[in-house]
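Here is the input, now give the coordinates:
(chains A, B and C)
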Amino acid sequence: MRLFTSVRDVTSVKTLVQEALALKSNPYAFQELGKNKTLGVIFLNPSLRTRLSTQKAAANLGMSVMVMNIDKEGWALETRDGVVMDGTTVEHIREAARVFGQYCDILAIRAFPGLKNRDEDYNEEIFNKFIEFSGVPVVSLESATLHPLQSFADLITIEEHKKTQKPKVVLTWAPHVKPLPQSVPNAFAEWMCKAQQEGLLDFVITHPEGYELAGKFTEGATIIHNQDEAIKGADFIYPKNWSGYHDYGKILHNGEGWMLDLERLKITNGAKVLHCLPVRRDLELGSDILDSDSSLVIEEAGNRVWAAQTVLKRMLEEL
Amino acid sequence: MRLFTSVRDVTSVKTLVQEALALKSNPYAFQELGKNKTLGVIFLNPSLRTRLSTQKAAANLGMSVMVMNIDKEGWALETRDGVVMDGTTVEHIREAARVFGQYCDILAIRAFPGLKNRDEDYNEEIFNKFIEFSGVPVVSLESATLHPLQSFADLITIEEHKKTQKPKVVLTWAPHVKPLPQSVPNAFAEWMCKAQQEGLLDFVITHPEGYELAGKFTEGATIIHNQDEAIKGADFIYPKNWSGYHDYGKILHNGEGWMLDLERLKITNGAKVLHCLPVRRDLELGSDILDSDSSLVIEEAGNRVWAAQTVLKRMLEEL
Amino acid sequence: MRLFTSVRDVTSVKTLVQEALALKSNPYAFQELGKNKTLGVIFLNPSLRTRLSTQKAAANLGMSVMVMNIDKEGWALETRDGVVMDGTTVEHIREAARVFGQYCDILAIRAFPGLKNRDEDYNEEIFNKFIEFSGVPVVSLESATLHPLQSFADLITIEEHKKTQKPKVVLTWAPHVKPLPQSVPNAFAEWMCKAQQEGLLDFVITHPEGYELAGKFTEGATIIHNQDEAIKGADFIYPKNWSGYHDYGKILHNGEGWMLDLERLKITNGAKVLHCLPVRRDLELGSDILDSDSSLVIEEAGNRVWAAQTVLKRMLEEL
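Numbers count the residues shown, from 1 in each chain, chains lettered A, B, ... in the order given. This next block holds a predicted model:
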């Protein structure tokens, strides 16, 4: 594996999840694999779970890790080509990416969208430049449009906790006070569509009208605008806010009626609730759910380690 | 050991100090103990000595360390229960603590007081929440009210340098321009009272009237308001500023006459001077003392490693 | 080796470069040397290449590394002696340096100049205080006046890529929009003068009149004010901006005509171009050069690892 930025980089999610569960039951079996290998972890935005789980995954594999909060510790990066750099940017991404490639065997990168210009965000310029110029394998720790390690961890969690052969999994839009990226729902959608295609589950998306995600990520999903109808009989529910894709970066609904609590779960099939975290209690999701056995958000965060470790292992094996 | 937040978590300080001195003379004897174990170090406030000495202690034990400056690298934490999180906080401490517990075998945490609301600070809400929700052993790297690793290092330093069986140890208030927490004097007082009880030393506190510390930390100490009288014949002196406990967080005295220098030490028994650092030279403490053999502040900072290593070792042994 | 702050700390640059190339071809040969040794890396200014290459070098030698961004994570340092510390500085460099010496076997430090007061900058007060008080070996990661690990990496790169016995190496001033330190050109000049003395190369400096560097760093160099004349027949060119030394910290020339591009290289002997990075494209240096085979800037950044590793290895051998 040379790239992990989307489910499109994965042949079979079923096989990938099985590999992750094997690692989870035997975390230190591959400590020789990462010996004298260096993972560079580059953050253009803040992170808690992602950094810690990635560091831990790399340590489990015997790698050393160098973390760079490039926005705070480094120089302002120029991403545009063909400009005279006489402004505030100090280093071009072409040089920065190549230099990281000199010091690191694998790069893991987080770069959020600006949510101003959809084409710019959906072009994934920063990631594509790092991939083009660094010359080493690149793992996404959340890009402008996708968060594949999160979705991989979500699928691991679903596989661990499913009680039926083919559970019903529902992604539902949730309220928020700020316009959020589409990266988590986009990625969850493309992973669940792929898992559905592999016969692992049935996938439903629900959101207020206007919140349609980009079509390329939701192909095969059942989309329903009535939340009650969507979650009826669900085995797993993933509440998550996102801002508009078509009306880009906008808040289109005040959220009324869309927050789930224990009462609302009664029509489900004893659904377990997932969330990528951080979650705003009683705004995005009822705290009664978070403090109950219906919540899997902590186990899900724990599974971030095994998702990252599986991807790093596959990359190390092909170095 | 599952908790280290106060001397109350320690059965015998004498035994603990002996274990620390044994580690100091043989730092790498337990490198297998921490293999594949992860220490999470969480800072809600800045740190120099504490971070470095804790990292070093963990490395000596073979642990890997993940440092999180949560105020700068992570998300703003909500600590109150039952609020709708529609403001500036992004993650609740309930989730954050549980997630840290997923990635770390032991957590070490620093969280200073606000010095506005005494009840809030003395409730140690942040620590108690981390202890309650993380599910793993917790070490204090300084809380709102105590700094036990500092006091442990202080006691190690006293034991190493004492020339009499039962030295006289004096904690004296010192001047400062800003209102400081009571955590260092509180912790030093409770550790010295315990050491006095175990017959290791005699303990005296001196400060201007009004600067009385909380009674639960000073039980057994001799309290004298005349500094000269207090330090007469002293073997060890610990000058340290703190703000009012009763008149909470306030500066009650302009400091005149309370700063020690070499001249003032003449009435002591050749006293050695301790300080937790950082120290403001010629405001809190005379630079002539700091640059002389009377000062033990550097050795004391060095002993922070052995204090932390002893506590981590005890926790690892019970994992 | 106890100090590495200048080429004056090196007996023979030829021997040093050979040792670096040996390490480059066998990076992990000395992993036992750094076992249980700690490198403290202290930044008073931002860093990308320097931090990563130093971390990697230390890891290759089996050392553990503790990084401290002291401006962001620690306390404001006082460097002046004899002041009452009742202002904004919280810790004196005397204590800070001594404390770092307690936790670290070797210290590596970066501290930029203020460019306001030449005497203050050229006195290298921060470095000299750390050397005086820490009690451990000190490596410069760029001081107010020199950047020796960069120049060492530059010389490694020249030795690897030279096609003649004694190549012509040219340092040329380049345009910029901000006043930059003289540390890189000072260090490059003193290293190249030493290399010239050892018979490795011929060294020429070119810059607009007024941009003369401090004489002690350029002894033996040929200085020419006509850039075309200087670069004619050159094998290596090092374009770099700096602000005035005599008219201290000032911009004295608008840069017109001084930026090199591929067209300008035609009069050279197929010169390879070096730069310490970060570089502002099409302001300091033509992007056509940076994107061509004429550029060695990425290999040069890669060689920072071997420069750092050689110095750390020498220090470890004498601990």
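
just for the stretch 51-200 of chain A, where's the confidence low?
A:73-74 (pLDDT under 70).

So the residue of the stretch 101-250 of chain A found nearest chain C: helix, strand or coil?
Closest to chain C within the stretch 101-250 of chain A is A:Q102: 3.8 Å, counting by Cβ to the nearest Cβ. Heads up, the C-betas are built off the backbone N, CA and C, glycines and all. Here A:Q102 is recorded as helix under DSSP: H, G, I helix; E, B strand; the rest coil.

swap in A:V41?
strand.

Was I right to think it contacts A:V138?
No: using Cβ atoms under 8 Å, A:V41 is not in contact with A:V138, being 11.6 Å away.

intersection of neighbour lists for these two?
A:107-109 (Cβ atoms under 8 Å, 6 or more residues apart in numbering or on different chains).

Could you pick out the residues of the stretch 51-200 of chain A near chain C for me?
A:64, A:66, A:68, A:70, A:72-75, A:78, A:81-86, A:89-92, A:94-96, A:98-100, A:102-104 (Cβ under 8 Å from any Cβ of the partner chain).

Of the residues you listed, which belong to helices?
Among those, the members found in helices (DSSP state H) are A:70, A:72-73, A:94-96, A:98-100, A:102-103.

neighbour-wise, which of the residues you listed leads?
A:A96 (28 neighbours; other Cβ atoms under 10 Å in any protein chain shown).

Name the nearest residue to it, sequence neighbours excluded.
Leaving aside its sequence neighbours, A:A96 sits nearest to A:L77 (Cβ to Cβ, 6 or more residues apart in numbering or on different chains; 5.8 Å).

do A:Y211 as well
A:W173 (5.4 Å).

domains of chain A?
Domain ranges of chain A: A:3-146+A:303-317, A:150-300, per automatic domain parsing.

quick revisit: burial count for the residue nearest to A:A96?
A:L77: 22 surrounding residues under other Cβ under 10 Å.

Let me know whether it touches A:A97 as I believe.
No: with contact defined as Cβ under 8 Å, A:L77 does not count as touching A:A97 (9.4 Å).

hang on, the earlier thing: quick one: which of the shared contacts of A:V41 and A:V138 is most hemmed in?
A:A108 (29 neighbours).

which ones are touching it?
Shown in contact with A:A108 (Cβ under 8 Å, 6+ apart): A:39-42, A:54, A:138-141, A:308.

sec struct for the nearest residue to it once chain neighbours are set aside, please.
Nearest residue to A:A108 in three dimensions, chain neighbours excluded: A:V139, at 4.3 Å (Cβ to Cβ, 6+ apart). Judged by three-state DSSP, the three-state class of A:V139 is strand.

quick one, what contacts A:V139?
A:4-5, A:106-109, A:149, A:308, A:311-312, A:315 are the contacts of A:V139 under Cβ under 8 Å, 6+ apart.

Pull the number of nearby residues for the residue nearest to A:Y211.
22.

Would you check that A:I289 makes contact with A:D261?
Yes: contact criterion Cβ under 8 Å: A:I289 and A:D261 qualify, at 6.1 Å.

neighbour-wise, which of these two wins?
A count of neighbours by other Cβ under 10 Å puts A:I289 above the other of A:I289 and A:D261, at 27 against 14.

Check which helix or strand that one maps to.
Using DSSP states H and E, A:I289 maps to helix A:287-290.

Let me see the ranges of the strands in chain A.
Using DSSP state E, the strands of chain A run over A:3-4, A:38-43, A:64-69, A:77-78, A:91-92, A:106-110, A:138-140, A:168-173, A:202-206, A:222-224, A:236-240, A:272-273.

now the helices: where do they sit in chain A?
Using DSSP H, helices in chain A cover A:13-25, A:49-60, A:70-73, A:93-103, A:118-122, A:125-134, A:148-161, A:183-197, A:215-218, A:227-231, A:287-290, A:297-317.

I'd like to know which of these lies nearest to C:R118.
Checking these against C:R118 by Cβ to Cβ gives helix A:70-73 as the closest, at 28.6 Å.

Could you confirm whether any residue of that closest one contacts chain B?
Yes: with Cβ under 8 Å from any Cβ as the criterion, chain B is reached by helix A:70-73 at A:K72.

helices or strands up against that helix?
Using 3 or more Cβ pairs under 8 Å, 6 or more residues apart in numbering or on different chains; DSSP states H and E, the elements in contact with helix A:70-73 are strand A:38-43.

In contact with the closest residue to A:E209 other than its chain neighbours, which residues?
Distances taken as Cβ to Cβ, 6+ apart put A:H225 closest to A:E209, at 5.5 Å, once the chain neighbours are dropped. Contact partners of A:H225, counting by Cβ under 8 Å, 6+ apart, are A:206-209.

Compute the number of surrounding residues for A:E317.
A:E317 has 10 neighbours, counted by other Cβ under 10 Å.

what pLDDT does the closest residue to it other than its chain neighbours get?
Counting by Cβ to Cβ, 6+ apart, A:L33 is the residue found nearest to A:E317 once chain neighbours are left out, at 7.0 Å. With respect to pLDDT, A:L33 scores 98.

hang on, A:L33 packs against A:Q309?
No: A:L33 sits out of contact with A:Q309 when judged by Cβ under 8 Å, with a separation of 10.4 Å.

neighbour count winner among the two?
Each of A:L33 and A:Q309 has its neighbours counted (other Cβ under 10 Å); A:Q309 has more, 25 against 16.

Run through the residues that contact the nearest residue to A:H92 once chain neighbours are set aside.
Sequence neighbours aside, A:E78 is the residue nearest to A:H92 in space, at 4.6 Å (criterion: Cβ to Cβ, 6+ apart). Counting by Cβ under 8 Å, 6+ apart, A:E78 touches A:85, A:89-93, C:281.

please redo it, this time with the cut-off set to 7 Å
Residues in contact with A:E78 (Cβ atoms under 7 Å, 6 or more residues apart in numbering or on different chains) are A:85, A:89, A:91-93.

Which among those residues count as buried?
The neighbour count (16 or more other Cβ atoms under 10 Å in any protein chain shown) marks A:85, A:89, A:91-93 as buried among the contacts of A:E78.

circling back: could I get the contacts of A:V139 as TSV with distance to A:D293?
Converted to TSV, the contacts of A:V139 look like this (distance: Cβ to Cβ, whole Å):
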residue	distance to A:D293
A:F4	32
A:T5	35
A:I106	37
A:L107	39
A:A108	33
A:I109	36
A:L149	26
A:A308	27
A:V311	30
A:L312	32
A:M315	36
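
Tell me the one of those nearest B:T218?
Closest approach to B:T218 among these (Cβ to Cβ): A:A308, at 49.2 Å.

Surely that closest one touches A:L149?
Yes: assessed by Cβ atoms under 7 Å, A:A308 is found in contact with A:L149 at 5.7 Å.

A:T38 versus whichever residue of the stretch 201-319 of chain A sits closest to chain C, what's the distance?
Of all residues in the stretch 201-319 of chain A, A:L319 sits closest to chain C, at 15.1 Å by Cβ to the nearest Cβ. Distance of A:L319 to A:T38, computed by Cβ to Cβ, to the nearest Å: 11 Å.
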